[in-house]
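*Asks:* What would the 3D arrangement of this be:
(chains A and B)
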There are 2 protein chains.
Amino acid sequence: MASIEMIVAARARLRGHARRTPLLSSPFLDEIAGRRLFVKAECLQHSGSFKFRGGWSAVSGLDAAVRSKGVIAFSSGNHAQGVALAAKLHNIPSVIIMPSDAPKLKIANTRAFGAEVVLYDRVNEDRDEIGARLSAERGLTLIKPFDEPLVIAGQGTTGLEISEQAEEEGVTSAEVLVPCGGGGLTSGIALALEASAPGFRVRPCEPKDFDDTTRSLASGKIERNAAVSGSICDAIVTPQPGNITFPILKRLAGAGIVVTDDEALRAMALAFTRLKIVVEPGGAVALAAALFHGDALESDTVIVVTSGGNVDADIFAMALERFG
Amino acid sequence: MASIEMIVAARARLRGHARRTPLLSSPFLDEIAGRRLFVKAECLQHSGSFKFRGGWSAVSGLDAAVRSKGVIAFSSGNHAQGVALAAKLHNIPSVIIMPSDAPKLKIANTRAFGAEVVLYDRVNEDRDEIGARLSAERGLTLIKPFDEPLVIAGQGTTGLEISEQAEEEGVTSAEVLVPCGGGGLTSGIALALEASAPGFRVRPCEPKDFDDTTRSLASGKIERNAAVSGSICDAIVTPQPGNITFPILKRLAGAGIVVTDDEALRAMALAFTRLKIVVEPGGAVALAAALFHGDALESDTVIVVTSGGNVDADIFAMALERFG
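*Replies:* Below you'll find the predicted structure:
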């Protein structure tokens, strides 16, 4: 089971390898949000998203003999890149199973990080089945994208940094808004903050029509999404919350917040203008929630995670053209 | 005179106010550069450029009675925003004299930071004359953009951070490439590195046709540019090196490196894709030099400063369309 002890251990393994990303802010964004707003810029993490933390945590946490045979992962792109880069830096092979409609940049980068990329059809094929088969055939260790304690522990290191950096800013009470797909990042941060910043509460943020976690938290049991694709927020489109992550969220997280694709794009444009960072649509949903759904918030201070920046240039230019 | 003691004192005044910007890197950029490449992301500084350091240093360094009357500055935009924000945070008035062709975003932000903005014609009017007159009329203290020891000292704090962060990466010898307009940032960093990292050497970087510092270093005396506008790199277009900054550069800097506007735009697109940061054209010239003028470099490791990110959305989208 994922725990604060595992997060602290992961932090030690990540030291000198993962980047301590900055906590940014802008008076212009404070004004829009109507409260103090801080942005934990995980888009500046190695591989362009927080997923490097979980990838490094999982790869470095394997027994050396097991690790040397290589790892396998399935991902729409950010977990792919995080695991591929962590594997490359450990000098071990990696196989990454990606949906054929993943952003071109993510597929290209995953290959450039030395991974063997296997594409699959998101509607007609089951990535778990493909992963299990290849894993068995080659002796690869499957690194799940979120429902895996070592991965959750790696993502949770983001939460330890948030509590340290917020303390430096004099913040002792805040809602922490996190883009939520399967819940690895959200549950990891929730566990970290429970131990290190009890005045902080995690709020999962999701795109409209892919609000499985929000609905699951409301009903108290795991709910599935009707569709498996169709949001511009590709990074956080998952069928349902994880069996490990959901109980953590049920215990620790506040209600979910749902934003539209257009709100995510507008948040990307504001992050460009006001923070000078590149955020991908899925990585911008928590910022969008803080900026445009202030009525859903209770605290005077909000901290949002911009979880990734792996966006194709044409999508980014479109966001600037429409909302810049 | 600007000195390492003044830089250390400025660092103390800036603590808790200026941001310690991250030192970023990407294996993809290392490959293009053909060497290890680190990026000091000053575009993530408050107000969107390193100029906040000099602005804060100058405003905080004034005698309290003098400071309370307010400050005045002239700038194409980044110094304007840095001084305006520093003045606002000190609760004092500021008047900023800006060229009428400055980027819209920079003019709007300067106003939003509470400054009174006075526009002038870059070709037919002399900003120094306007500044001196307003300064005398209202008892404002003129904060020059670069030829001012307190400003140089503030910019020099960037150099102290570079030497600390490079040491954390195990780097003890490097060329440090800096976008150079009047030379405040470049000379400040040169002084800081002389004291804190003697294995590092500063190299000024400039846009084609506005290479006054490069030519001045080559000839050994201050040379002027033929034109006063006409580069997309507006942030670093100045008539000539400063009387205070140039002797520092002459003593400490290596030869200048000149890049084209297209190379700056291509560097912006690569910073978008590989680092997830927003860099303006003038702020990208040192990155462009490292990526596309490797034959001008000698060291195995190069550190570049991306000095600002205050670029209008249409220019950024154009860079992505052409080079993304």
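*Asks:* Quick check: next helix or strand after the lengthiest strand in chain A?
*Replies:* Scanning chain A for the strand with the most residues, using DSSP state E, yields strand A:200-207. Using DSSP states H and E, the next helix or strand after strand A:200-207 towards the C-terminus is helix A:212-219.
*Asks:* Pull the residues that contact that following helix.
*Replies:* Under the contact criterion Cβ atoms under 8 Å, 6 or more residues apart in numbering or on different chains, helix A:212-219 has outside partners A:180, A:183, A:186, A:204, A:206, A:222-225, A:238-241, A:246, A:249-250, A:253, A:255-258. Any C-beta I mention is one placed from the backbone N, CA and C, and that applies to glycine too.
*Asks:* hang on, the earlier thing: name every strand pairing with the longest strand of chain A and say which way it goes.
*Replies:* Strand pairing for strand A:200-207, using DSSP bridges, gives strand A:174-179 (parallel), strand A:257-259 (parallel).
*Asks:* In a markdown table, list these along with mean pLDDT and mean neighbour count.
*Replies:* As requested, the strands paired with strand A:200-207 are arranged in a markdown table below (pLDDT from 0 to 100; neighbours: other Cβ atoms under 10 Å in any protein chain shown):
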| stretch | mean pLDDT | mean neighbour count |
| --- | --- | --- |
| strand A:174-179 | 98 | 29 |
| strand A:257-259 | 98 | 23 |
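*Asks:* Tell me which of those strands lies nearest to A:L320.
*Replies:* A:L320 sits nearest to strand A:257-259 of all the strands paired with strand A:200-207, at 18.6 Å, using Cβ to Cβ.
*Asks:* sorry, back to before: what angle do the longest strand of chain A and helix A:212-219 make?
*Replies:* Counting by axes from the mean of the first three to the mean of the last three Cα atoms, to 10 degrees, strand A:200-207 points 120 degrees away from the direction of helix A:212-219.
*Asks:* pLDDT on strand A:200-207, on average?
*Replies:* In this model, strand A:200-207 carries a mean pLDDT of 98.
*Asks:* wait, which of the strands paired with strand A:200-207 is closest to B:E175?
*Replies:* Using Cβ to Cβ, the strands paired with strand A:200-207 put strand A:174-179 closest to B:E175, at 38.6 Å.
*Asks:* what comes into contact with that closest one?
*Replies:* Contacts for strand A:174-179 (Cβ under 8 Å, 6+ apart): A:38, A:159, A:162, A:166, A:185-186, A:189, A:193, A:199-206, A:233, A:235-236, A:254, A:257, A:282-287, A:289-290, A:297-299, A:301-307.
*Asks:* The same query, at a cut-off of 7 Å, please.
*Replies:* A:162, A:166, A:185-186, A:189, A:193, A:200-205, A:236, A:254, A:257, A:282-283, A:285-286, A:289-290, A:297-299, A:301-305, A:307 (Cβ atoms under 7 Å, 6 or more residues apart in numbering or on different chains).
*Asks:* For the helix or strand that it is followed by, which helices and strands make contact with it?
*Replies:* As assigned by DSSP H and E, the chain's next helix or strand after strand A:174-179 is helix A:184-196. If contacts are counted by 3 or more Cβ pairs under 7 Å, 6 or more residues apart in numbering or on different chains; DSSP states H and E, helix A:184-196 sits against helix A:4-14, helix A:149-168, strand A:174-179, strand A:200-207, helix A:245-252.
*Asks:* Find out how far helix A:184-196 is from the centre of the chain, if you would.
*Replies:* Taking Cα atoms, centre = their mean, to the nearest Å, one finds the center of helix A:184-196 at 12 Å from the center of the full chain.
*Asks:* Need the pLDDT of A:K106.
*Replies:* Predicted confidence (pLDDT) for A:K106: 86.
*Asks:* how close does it sit to A:G282?
*Replies:* Going from A:K106 to A:G282 by Cβ to Cβ, to the nearest Å gives 11 Å.
*Asks:* Same check on A:F272?
*Replies:* 16 Å.
*Asks:* more neighbours, the two?
*Replies:* Legend: neighbour count by other Cβ atoms under 10 Å in any protein chain shown for A:F272 and A:G282, higher for A:G282 (30 against 24).
*Asks:* Surely that one is in contact with A:C233?
*Replies:* Yes - with contact defined as Cβ atoms under 7 Å, A:G282 and A:C233 form a contacting pair (3.7 Å).
*Asks:* got the residues of the stretch 101-250 of chain A near chain B?
*Replies:* Selection of the stretch 101-250 of chain A residues close to chain B by Cβ under 7 Å from any Cβ of the partner chain yields A:A112.
*Asks:* now do 10 Å
*Replies:* Contact residues (Cβ under 10 Å from any Cβ of the partner chain) of the stretch 101-250 of chain A with chain B: A:105, A:108-109, A:112-114, A:168-170.
*Asks:* Where is pLDDT lowest across those residues?
*Replies:* Looking at those by pLDDT, the weakest one is A:L105, with 83.
*Asks:* Please identify the helix or strand for that one.
*Replies:* Element membership for A:L105, per DSSP H and E: helix A:104-112.
*Asks:* Then A:I96?
*Replies:* Assigned by DSSP H and E, A:I96 falls in strand A:94-99.
*Asks:* Listing partners with orientation, what would you give for that strand?
*Replies:* strand A:71-74 (parallel), strand A:116-120 (parallel).
*Asks:* from the chain's centre, how far out does that strand sit?
*Replies:* Centroid separation for strand A:94-99 versus its chain: 18 Å, with Cα atoms, centre = their mean.
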